[in-house]
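Trainee: Below is the sequence, then the predicted model.
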Amino acid sequence: MTKRALIITGNLVQDHEYIYPYYRLLEEGFEMIVALKDGASCEGILGTKIPSDDRCRVISYEELSNFGDDADIMVLPGGAKAMEKLRQEPIVLNYIRDWDIQGKIIASICHGAQLLISAKIVQGRNISAYYSIKDDVNNAGANYVDAGFVTDRNIVSSPHYKYLGDWMKEVLRLFEVQQKNDKENSNF
């Protein structure tokens, strides 16, 4: 079985929050897909070229509608400036909403929670995010949790890149649980 992960991001993403999950998931044998505006490379807030190498397939936001559910994990890295633009992309928000309905894993960090809010999938859920958007999380009907990572059903959220290791460890743990459950359910 081919494992695939999708990172949806944009210009001025928080570099650490893109780079770490990208390489961590590659290390675990995932094929990487990166969705960017117009499918064009961009830069992180600290100047990292995104995508950072040629081991991924790059698609545009528009291609998400044809991409379907051809991945196992969705990663939403933060970066306040990147999210302010990205959350204005209806195609992206609809895709995130559909992904959530399927119960597929969404890994959100820092300001990536703004995409969860704008996709209207946080109501009644426990969500961690950067402290400056605590009010946004709560006002969207979620329960803001100040923790290194929080898992609520299929969403694993984290407030800051200082928790990258613990956050990704939990994302991969949840992936293994979902794989095991899918395998057990397919035996019936």
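Mentor: Ah, there it is.

Trainee: Tell me which residues are up against the worst-scoring helix or strand of the chain on mean pLDDT.
Mentor: Of the helices and strands making up the chain, the lowest-confidence element is helix 64-67, at a mean of 82, by mean pLDDT, DSSP states H and E. With contact meaning C-beta atoms under 8 Å, 6 or more residues apart in numbering, helix 64-67 is reached by Leu6, Ile8, Ile33, Ala35, Ile59, Ile91, Val92, Tyr95. From N, CA and C alone the C-beta is placed, and that goes for glycine too.

Trainee: ditto for stretch 134-142
Mentor: Stretch 134-142 is contacted by residues 113-114, 117, 120, 122-127, 129, 143-144, 146 when judged by C-beta under 8 Å, 6+ apart.

Trainee: what mean pLDDT does it have?
Mentor: Stretch 134-142 carries an average pLDDT of 98.

Trainee: Stretch 26-42 too?
Mentor: The model assigns stretch 26-42 a mean pLDDT of 96.

Trainee: buried ones in it?
Mentor: Buried residues in stretch 26-42, defined by neighbour count with 16 or more other C-beta atoms under 10 Å: Phe30, Glu31, Met32, Ile33, Val34, Ala35, Leu36, Lys37, Cys42.

Trainee: Just the endpoints, please. Distance across that stretch?
Mentor: End-to-end span of stretch 26-42 (C-alpha to C-alpha, to the nearest Å): 20 Å.

Trainee: Now do the helices in the chain.
Mentor: 15-27, 64-67, 80-86, 90-101, 113-118, 134-139, 164-186 (DSSP state H).

Trainee: Of those helices, flag the one that's most buried.
Mentor: Mean neighbour count, computed with mean count of other C-beta atoms under 10 Å, is highest for helix 113-118 among these, reaching a mean of 25.

Trainee: Since that was my last question, I'll sign off now.
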